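**Student:** sharing a model that was predicted from the sequence below.
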Amino acid sequence: MKKILLGFSVLLFASQLMAQERYQNQITDSVAVTTYTYAKKGGDKLELDMYAPNNDNQSDRAVFLYVHGGGFSGGTKNSPEISAFCNKIAQHGYVAVSINYRLIRKGTQSGFGCDCPVTEKLAAIDTAVYDLRSAVNFLKDNKVRFGIDPQKIILAGSSAGAETVLCEVFNTPKYTIDQAPYKYAGVVGMAGGISDVSKLTAETAIPALFFHGTCDQLVPYGSEPHRYCEKESAGYMIMNGSRTIAEKLERLRKPFCLYTFCGEDHRIAEAPMSEKFDEIMVFCYKWILHDSNKQMYSIIPGDHDCDYPANEECFD
């Protein structure tokens, strides 16, 4: 009798798992976290944290690779918010990865602000991009070991991390000798932007999800000076935010989804990880993994307490 009940329990558990579709639903509560060194550059040991469902024998899992923010001078791969985010992603069946990268503005007097020369701003972004590529190459080289599909790598980032992943996808700095161009499955940018929207073409476009506040004081929602620097400052350059990138994708007839937060500031660089988690999962499942061609704008009402040009959209 006990054996019959045990067998019935196993069958019931198996049927419940089958009803939960990987990437669309949570399939497990148990996640294993492992830290790897993916590269050594000079005196820097670059590490990533990998979150994977426990006891999962899938060999071709999609990867959700996250890059933290911090103005290229701070931040870390394993803050409590990031760890919670990656853990939930892995519970949905992804292999979630969070990386550290070289913070070349750390300890500098000008940081990443208006006193930081444009050439040094761009160098900070490019350095992060090169480290991101090294992490991707590490994953590709170990695809069998990690049970992942390199054709299903989704990039995501917040603030400086969003600038990094969007630059890698849509601006594509030159490749080093040990790297090669790579086509990602999709990208998620939280309060990010790119310096040159003309490099975004039908060939470089991939499904993209954006979150941005219209009153973002650091990375503009549309096309405005980065950090709203004065034209005479060393750090003056135009940054094309989520709205501008989405409009370009719309003209190219490529899939995207833009969540506009009226009156919100740079808080939106991290808030979606908890407040819009379900929307991120839906986009990754439907737009990226199941090839939707939809284009969507979603305006989220809020306070209208800034005079940035982009905030006028919230009055329409």
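**Tutor:** Everything's here; your move.
**Student:** excluding its backbone neighbours, what's nearest Tyr94?
**Tutor:** In space, and not counting its chain neighbours, Tyr94 is closest to Phe64: 4.5 Å by CB to CB, 6 or more residues apart in numbering. For the C-beta atoms, the positions are set from N, CA and C on the backbone; glycine is no exception.
**Student:** for that neighbour, what are its contacts?
**Tutor:** Contacts for Phe64 (CB atoms under 8 Å, 6 or more residues apart in numbering) come out as 86, 89, 94-97, 154, 156, 284.
**Student:** show me the longest helix that occurs in this protein.
**Tutor:** Assignment by DSSP state H gives helix 118-141 as the longest helix of the chain.
**Student:** which elements pack onto that helix?
**Tutor:** The contact analysis (3 or more CB pairs under 8 Å, 6 or more residues apart in numbering; DSSP states H and E) places helix 118-141 against strand 31-41, strand 44-53, strand 61-67, strand 95-99, strand 148-158, helix 160-166.
**Student:** list every C-alpha atom in the shortest one, with coordinates, as PDB.
**Tutor:** Backbone C-alpha positions of strand 95-99 (Å, rounded to 0.1, in the frame of the first residue of the first chain) are rendered in PDB as follows:
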ATOM      1  CA  VAL A  95      20.400  30.100 -15.900                       C
ATOM      2  CA  ALA A  96      20.800  33.600 -14.500                       C
ATOM      3  CA  VAL A  97      24.200  35.200 -14.500                       C
ATOM      4  CA  SER A  98      25.400  38.400 -12.700                       C
ATOM      5  CA  ILE A  99      28.800  39.700 -13.500                       C
END
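**Student:** for that strand, buried residues please.
**Tutor:** In terms of neighbour count (16 or more other CB atoms under 10 Å), strand 95-99 has its buried residues at 95-99.
**Student:** list the residues that contact Lys88.
**Tutor:** 26, 277.
**Student:** show me which residues of whatever helix or strand it lives in are buried.
**Tutor:** Counting by DSSP states H and E, the element that carries Lys88 is helix 80-91. Neighbour counts over helix 80-91 (16+ other CB under 10 Å) mark 82-83, 85-86, 88-91 as buried.
**Student:** how far out from the middle of the chain is it?
**Tutor:** Offset of helix 80-91 from its chain centre (CA atoms, centre = their mean, to the nearest Å): 13 Å.
**Student:** between that helix and strand 44-53, how many degrees?
**Tutor:** Counting by axes from the mean of the first three to the mean of the last three CA atoms, to 10 degrees, helix 80-91 lies at 50 degrees to strand 44-53.
**Student:** got the angle for helix 80-91 vs strand 95-99?
**Tutor:** Orientation note: helix 80-91 sits at an angle of 160 degrees relative to strand 95-99 (the same axes, to 10 degrees).
**Student:** now tabulate the contacts of Phe64 in a markdown table and tack on distance to Tyr38 and pLDDT.
**Tutor:** Listed next are the contacts of Phe64 as a markdown table, based on distance: CB to CB, whole Å; pLDDT from 0 to 100:
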| residue | distance to Tyr38 | pLDDT |
| --- | --- | --- |
| Cys86 | 16 | 98 |
| Ile89 | 19 | 98 |
| Tyr94 | 18 | 98 |
| Val95 | 14 | 98 |
| Ala96 | 15 | 98 |
| Val97 | 9 | 98 |
| Ile154 | 18 | 98 |
| Ala156 | 17 | 98 |
| Cys284 | 23 | 98 |
